[in-house]
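What follows is a protein structure lacking sequence information:
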């Protein structure tokens, strides 16, 4: 993997760059649709590629490990072959799922024992095994195994967890460096900064991660319930320390406003389930603000979902028709809404990139943040 930093905004730390992998190029800043179980819910790969114009998608190590399982994925030739997606894929390490399974797991120095949410069977992830699993899944970018601390989290726990995450990272790097990719293309390992909402811990973790000198870096443990101001504060702390010549990935973020504000702080990569999850519940994002399509006010509104055509579905479907599908619980409603929201997120980061390159990102971002806070 290679990263080429093209330009940095004159008024903020927003950056435009390009990541090159063996499965293609990624223009940054980039939003990555989440395909937890090997698919983005309700969206065909052709639609992701041609209509939404996603450049990279995510897979989830925990879910893919449990189902379909490593034997099937290896027989298929890796996740790219299994799901028919020919562009880059990133996998998380399962650390966030371990965090979310608080009542079903036990964390020790060696690793994490957990019970499957599917059948209750017991499993054990070590940092080494997380690398082996992701080698078998075959993502272009894989994540180090870490512990994502909850919010709120007391200082002692956050410090202890961060230090263990650092020890686990060393083990991840050792295992990654002593093994080979399985399917004839290269893979890249990203470490993850932790430290909860404590300034000194975030600084220490960012310095440690920067010192590992991998090809890219991630920031974890944010967007887990803390106020947005804390997210921005700690992203700011970390991006000032992480090397500028490597991509920075803010994990699990977030709302359109979160994305715009942290692009301004120097973040290059994002992922979040919000576009598809909100879409299935009738919440739509547009260039003028957000919409609850279930509201009766849209019942006879035959205008496009977004007047600026941020999605190809805007050329075909009106608010009234989409509302009819959603309130009728037609599957097509969730599908159209998901395509629209994902297209909007991709449009948003592309527009951000254009304005970074043009040199007017800051005023554009300020106006877009105002619009994104508007309920239509």
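Alright, I've got the coordinates. Keep in mind that what you see is a predicted model, and the values were worked out from it rather than measured. Numbers count the residues shown, from 1 in each chain.

C-alpha only now, for contacts and for neighbours.
Will do.

ok, now which ones touch the most centrally placed residue in the chain?
Centre of the chain computed as the mean C-alpha position; nearest residue by CA atoms, centre = their mean is residue 271, 1.8 Å away. Under the criterion of CA atoms under 8 Å, 6 or more residues apart in numbering, the contact list for residue 271 reads 31-34, 58, 250-254.

Next, work out how far apart it and residue 72 are.
Using CA to CA, to the nearest Å, residue 271 is found at 26 Å from residue 72.

for residue 323, same thing?
Note on residue 323: its distance to residue 72, by CA to CA, is 40 Å.

Can you show me the helices along the chain?
Ranges of helices in the chain, per DSSP state H, are 45-46, 61-66, 70-76, 79-83, 95-100, 127-137, 155-178, 199-212, 228-239, 256-263, 274-280, 319-327, 331-358, 361-372.

so which of the ones you listed is the most packed in?
Per-stretch averages of neighbours, counted by mean count of other CA atoms under 10 Å, single out helix 127-137 among the helices of the chain, with a mean of 24.

relative to helix 155-178, how tilted is that one?
Compare the direction of helix 127-137 with that of helix 155-178 by axes from the mean of the first three to the mean of the last three CA atoms, to 10 degrees and you get 50 degrees.

Show me what helix 127-137 is packed up against.
In terms of contact count using 3 or more CA pairs under 8 Å, 6 or more residues apart in numbering; DSSP states H and E, helix 127-137 is assigned the packing partners helix 61-66, helix 70-76, helix 155-178.

Now render these as a markdown table, adding mean pLDDT and distance to residue 94.
Formatted as a markdown table, the entries for the helices and strands packed on helix 127-137 read as follows, by pLDDT from 0 to 100; distance: least, CA to CA, whole Å:
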| stretch | mean pLDDT | distance to residue 94 |
| --- | --- | --- |
| helix 61-66 | 95 | 5 |
| helix 70-76 | 98 | 14 |
| helix 155-178 | 98 | 13 |
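
Make CSV from the ones you listed and add distance to residue 375 to it.
Rendered in CSV, the data for the helices and strands packed on helix 127-137 read as follows (distance: least, CA to CA, whole Å):
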stretch, distance to residue 375
helix 61-66, 35
helix 70-76, 43
helix 155-178, 37
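
Quick one, which of the ones you listed gets closest to residue 134.
Ranking the helices and strands packed on helix 127-137 by their distance to residue 134 (criterion: CA to CA) puts helix 61-66 first, at 6.7 Å.

count of residues packed around residue 292?
18 (other CA atoms under 10 Å).

In space, what's closest to it - neighbours in sequence excluded?
Beyond its immediate neighbours in the sequence, the residue positioned closest to residue 292 (CA to CA, 6 or more residues apart in numbering) is residue 283, lying 4.7 Å away.

cool, and residue 192?
For residue 192, the nearest residue in space outside its immediate sequence neighbours is residue 218; the separation is 4.6 Å by CA to CA, 6+ apart.

Contacts only, for the one you found.
If a contact means CA under 8 Å, 6+ apart, then residue 218 has 190-193, 248-251 as its contacts.

what pairs with it across the strands?
residue 192, residue 249 (DSSP bridges).

Mind pulling up the pLDDT for it?
With respect to pLDDT, residue 218 has a value of 98.

what's the closest of the helices of the chain to residue 54?
Evaluated over these, closeness to residue 54 peaks at helix 331-358, with 6.9 Å, by CA to CA.

Next, the angle helix 361-372 makes with the closest one.
Inter-element angle recorded for helix 331-358 and helix 361-372: 160 degrees (by the same axes, to 10 degrees).

ok, now how distant is residue 326 from residue 334?
To residue 334, residue 326 is 7 Å away according to CA to CA.

Which neighbours do the two have in common?
When CA under 8 Å, 6+ apart defines a contact, the residues bordering residue 326 and residue 334 alike are residue 282.

ok, residue 270 - contacts?
With CA under 8 Å, 6+ apart, residue 270 has these contacts: 30-32, 249-254, 259.

go with 6 Å
With contacts defined as CA atoms under 6 Å, 6 or more residues apart in numbering, residue 270 is in contact with 31-32, 250, 253.

just residue 27 next, same as before
Neighbouring residues of residue 27 by CA under 6 Å, 6+ apart: residue 18.

I'd like the distance from it to residue 206, if you could.
In this structure, residue 27 and residue 206 are 24 Å apart, going by CA to CA.

What confidence value was assigned to the residue lying farthest from the centre of the chain?
When each C-alpha in the chain is compared with the mean C-alpha position (CA atoms, centre = their mean), residue 300 comes out farthest, at 35.7 Å. For residue 300, the model assigns a pLDDT of 98.

roughly how far apart are the residue lying closest to it once chain neighbours are set aside and residue 207?
Excluding its sequence neighbours, the residue lying closest to residue 300 (CA to CA, 6+ apart) is residue 320, at 5.3 Å. Spatial separation of residue 320 from residue 207 under the definition CA to CA is 52 Å.

do the same with residue 338
The span separating residue 338 from residue 207 equals 38 Å under the rule CA to CA.

ditto for residue 182
In this structure, residue 182 and residue 207 are 32 Å apart, going by CA to CA.

got it, and residue 279?
Separation of residue 279 from residue 207 (CA to CA): 38 Å.

can you pull the buried residues of stretch 110-123?
In terms of neighbour count (16 or more other CA atoms under 10 Å), stretch 110-123 has its buried residues at 111-116.
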